[in-house]
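Chemist: I need the structure of the sequence given here:
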Amino acid sequence: MSEHPPVIVHPPTPSGGRRVTVHGQIVGLAHGRGDVAEFLRRAGVADPAHPVSLDDPRLIEWRGGSLDDWPMPPA
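Modeler: Okay, here's the model as predicted:
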């Protein structure tokens, strides 16, 4: 049985954001890469001296799109 990475970025919500969980705990609703990086810093997964690679599949699982998929919310 394979384990999931500690960070999951979930599919986009109707508002355009993507829920981010770290070790199963919701840490926020991201609206871009910068939000994901900040949530990881706040959760202790990353620090400014050693930034993480947001495309590292051992760390982050991107569901419902890649790190480049940030749909605009409906008008």
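Chemist: Tell me the confidence at the most centrally placed residue in the chain?
Modeler: Nearest residue to the geometric centre of the chain (CA atoms, centre = their mean): residue 9, 3.7 Å. Note on residue 9: pLDDT of 98.
Chemist: Could you do the one 5 residues further on as well?
Modeler: We have a pLDDT of 86 for residue 14.
Chemist: and the helix or strand where residue 39 lies, which residues are buried?
Modeler: Using DSSP states H and E, residue 39 falls within helix 33-42. For helix 33-42, a neighbour-count test (16 or more other CB atoms under 10 Å) marks 35, 36, 37, 38, 39, 40 as buried. C-betas here are computed from N, CA, C, even on glycine.
Chemist: got it, and stretch 68-75?
Modeler: residue 70.
Chemist: Give me the helices and strands touching the lowest-mean-pLDDT helix or strand in the chain, please.
Modeler: Ranked by mean pLDDT, DSSP states H and E, the weakest helix or strand in the chain is helix 33-42, scoring a mean of 94. The elements that helix 33-42 packs onto, with contact taken as 3 or more CB pairs under 8 Å, 6 or more residues apart in numbering; DSSP states H and E, are strand 18-22, strand 25-30.
Chemist: What is the nearest of the buried residues of helix 33-42 to residue 55?
Modeler: residue 36 (10.9 Å; CB to CB).
Chemist: Tell me who's in contact with the closest residue to residue 55 other than its chain neighbours.
Modeler: Using CB to CB, 6 or more residues apart in numbering and skipping residues adjacent in sequence, the residue nearest residue 55 is residue 67, 5.8 Å away. Going by CB atoms under 8 Å, 6 or more residues apart in numbering, residue 67 touches 9, 33, 36, 54, 55, 60.
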